[in-house]
Structure formats: structure tokens, C-alpha cells
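K.L.:
Fold the following, please.
(chains A, B, C and D)
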Protein chains: 2
Amino acid sequence: MVYSTENMARELKAARLAKRLSQRALSERAGVPQSHISKIERGGVDLRHSSLVEIARALDLEVTLVPRKHLAAVRSITRTRPSVMDEPAAFRHVERVRPAYSLDDDDHG
Amino acid sequence: MVYSTENMARELKAARLAKRLSQRALSERAGVPQSHISKIERGGVDLRHSSLVEIARALDLEVTLVPRKHLAAVRSITRTRPSVMDEPAAFRHVERVRPAYSLDDDDHG
DNA sequence: GGTAGTGATACATTAATACATATAGAATAA
DNA sequence: TTATTCTATATGTATTAATGTATCACTACC
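P.N.:
Model prediction:
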């Protein structure tokens, strides 16, 4: 699976958890089956752009194109640090995720 | 075709033209057939995420998720502002003043 | 025990991307 | 004119996203 896909999957999952939504709740908001949400978050899907936008918006996120040279500045604005205790108990057993929307890039120069 | 797709198409085309690249030149950079670039820019394709990322990177752009509440701030950076590192070192200590949010925009919804 | 909520997974089906290759039309330059 | 460049378009094929439905394991709580 492509790096960009896995990375996006992590970001979406982190954003969902930060909003304390279950996959089913998100699936209703976004109009996508829960089974598909699951597959997406596990990195098993190379999302179509329109689908990504739909899901992102259901999470109050917008998909944007940022010039590379402005990436650091953008990251400094969008960085957040969700606390473990912000999550509902039901989610705490879930694998811990990194900060939402961190644009940590490695792959590809 | 979906709005988000058309909008992305416009942004990609604008970015390509800004870099003064032909579709063919971009297709070689991104490893995608020129015919596909054409279709994309005409809004006839709902790109997969990995494809979008490839093409965007060939244009020195990164696909990012931005929380809606930070959109205005991000746009004000992205708009056309030169990055800090483009300035002579001697000016970098000067506090940056933020112009009012520019209203010109081709949205994102 | 039972119930409810969560996420992962399976399956069949439909629809669409992505690709290679080729070509046509418009504009420009030699 | 000819040649070149750029964009739009067409055809055919393989891959796969997306959907609908359903089930299973696990956890938490009554």
C-alpha cells in the first residue's frame, strides 16, 4: 500500500477519535458504510478524492493543496495534541495514534 | 462531476500553469500519461488519493487536511505569500504582520 | 448471564480509475 | 508549406473503489 494512503488513513482515524466518533457514527455523517470506514482506516483503500473530501468534511476537515515551502507554517497552525483522557473509555483500548493532522512526511523526497 | 473534484482540477491546472509546465512535462514528472492529465484538468476524473498526491508533488504541492477553524489562517499563508525563508536573513527577525484575510478565493466549500 | 457498542472482516456486485496507444485540432515557428 | 508543440479525445483492458449486507470477536456495563 502506498505511503500517502496509509498516512491519510492515520490522519482520518486520529481526527475521528479526536472527535469521539465511532466508525458507525462517522459512516452516518459521511454517508459511507462502516465496513468501508474500517477498511479505509486500516489503509486498505486508495480513496477517491470525492470520498476523501466527504469523509474529511464529516470530520470538520478540508482537503487542501499546500505549496511545499509553506508546509512548515501550515503545520504549525494545524498541529494539535489530543490527550488520551479526551477519549471515551470505550476507545481507550484502541491503538494509540499520533497527533491529529500531523503532516509528518517522510516518504518521497 | 462532483464539485470537490472540479475544484481540485482547477487548482492543479493553475499550479501547473504557474510553473509553466505543459501537460506533457507534468505527465513525465508525475509518471502519468498526458491524456490522463488532460482528463483530470477537465474535471472528468475523480482521482484516487495516491494519484492526486503524486501529481501534486510533481507540482511541489502537498495534500493536507486542515481543520475548518484554521482554514482562513492557512489560506492566508498559502495564498501567494512568499515564505519566510525567501527573505534575506537580515529581515527574518522582524515580526510578521498579517494582512487581513484575503477574500479572493476559489473556495473549498 | 445478557445486552449493547465497537471495529474487523467476508462476499458479491457495480461503477469507475488508471493505463497504453493512438489520433485530431489549434497554435506557433522555421 | 512543413514541422513542432500542446491539448483534447477515443478505444480497449485490467484493476479496484464503493456499496450492501452480514457476521464475528472484544469490551463495558446492567
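K.L.:
Just the local confidence number for A:Glu6, please.
P.N.:
On the pLDDT scale, A:Glu6 is placed at 84.
K.L.:
Count the neighbours of it for me.
P.N.:
14 (other C-beta atoms under 10 Å in any protein chain shown). For the C-beta atoms, the positions are set from N, CA and C on the backbone; glycine is no exception.
K.L.:
Identify the residue spatially nearest to it, adjacent ones excluded.
P.N.:
Spatial nearest neighbour of A:Glu6, chain neighbours left out: A:Gly43 (4.3 Å); criterion: C-beta to C-beta, 6 or more residues apart in numbering or on different chains.
K.L.:
and the one you found, backbone torsions?
P.N.:
Torsion angles at A:Gly43 (phi, psi; degrees, to the nearest 10) stand at phi 80, psi 20.
K.L.:
and it, how many neighbours?
P.N.:
Neighbours around A:Gly43, by other C-beta under 10 Å: 17.
K.L.:
Touching, A:Ala30 and A:Ala58? I think so.
P.N.:
Yes: counting by C-beta atoms under 8 Å, A:Ala58 is a contact partner of A:Ala30 at 3.9 Å.
K.L.:
how near is the residue nearest to A:Glu6 to B:Glu62?
P.N.:
Distance of A:Gly43 to B:Glu62, given as C-beta to C-beta, to the nearest Å: 19 Å.
K.L.:
same question, A:Lys19
P.N.:
23 Å.
K.L.:
Kindly report the same for A:Leu12.
P.N.:
Applying C-beta to C-beta to A:Leu12 and B:Glu62 gives a distance of 16 Å.
K.L.:
who has more neighbours, the two?
P.N.:
A:Leu12 (24 against 21).
K.L.:
distance between the helix or strand that contains the more buried one and the chain's centre?
P.N.:
Assigned by DSSP states H and E, A:Leu12 belongs to helix A:3-18. Distance, stretch centre to chain centre, for helix A:3-18: 3 Å (C-alpha atoms, centre = their mean, to the nearest Å).
K.L.:
Can you list the helices and strands that the helix or strand just after that helix packs against?
P.N.:
On the C-terminal side of helix A:3-18, the closest following helix or strand by DSSP H and E is helix A:23-30. The elements that helix A:23-30 packs onto, with contact taken as 3 or more C-beta pairs under 8 Å, 6 or more residues apart in numbering or on different chains; DSSP states H and E, are helix A:34-41, helix A:49-58.
K.L.:
which parts of helix A:23-30 are buried?
P.N.:
A:Gln23, A:Leu26, A:Ser27, A:Arg29, A:Ala30 (16 or more other C-beta atoms under 10 Å in any protein chain shown).
K.L.:
what do you get for stretch A:64-81?
P.N.:
Quick answer for stretch A:64-81 (16+ other C-beta under 10 Å): A:Thr64, A:Leu65, A:Val66, A:Pro67, A:His70, A:Leu71, A:Ala73, A:Val74, A:Arg75, A:Ile77, A:Thr78.
K.L.:
can you list those residues in CSV and add distance to A:Leu47, pLDDT and secondary structure?
P.N.:
Formatted as CSV, the buried residues of stretch A:64-81 follow (distance: C-beta to C-beta, whole Å; pLDDT from 0 to 100; DSSP: H, G, I helix; E, B strand; the rest coil):
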residue, distance to A:Leu47, pLDDT, secondary structure
A:Thr64, 16, 94, strand
A:Leu65, 16, 94, strand
A:Val66, 19, 95, strand
A:Pro67, 23, 95, strand
A:His70, 24, 95, helix
A:Leu71, 21, 94, helix
A:Ala73, 26, 94, helix
A:Val74, 21, 94, helix
A:Arg75, 22, 92, helix
A:Ile77, 24, 91, helix
A:Thr78, 20, 87, helix
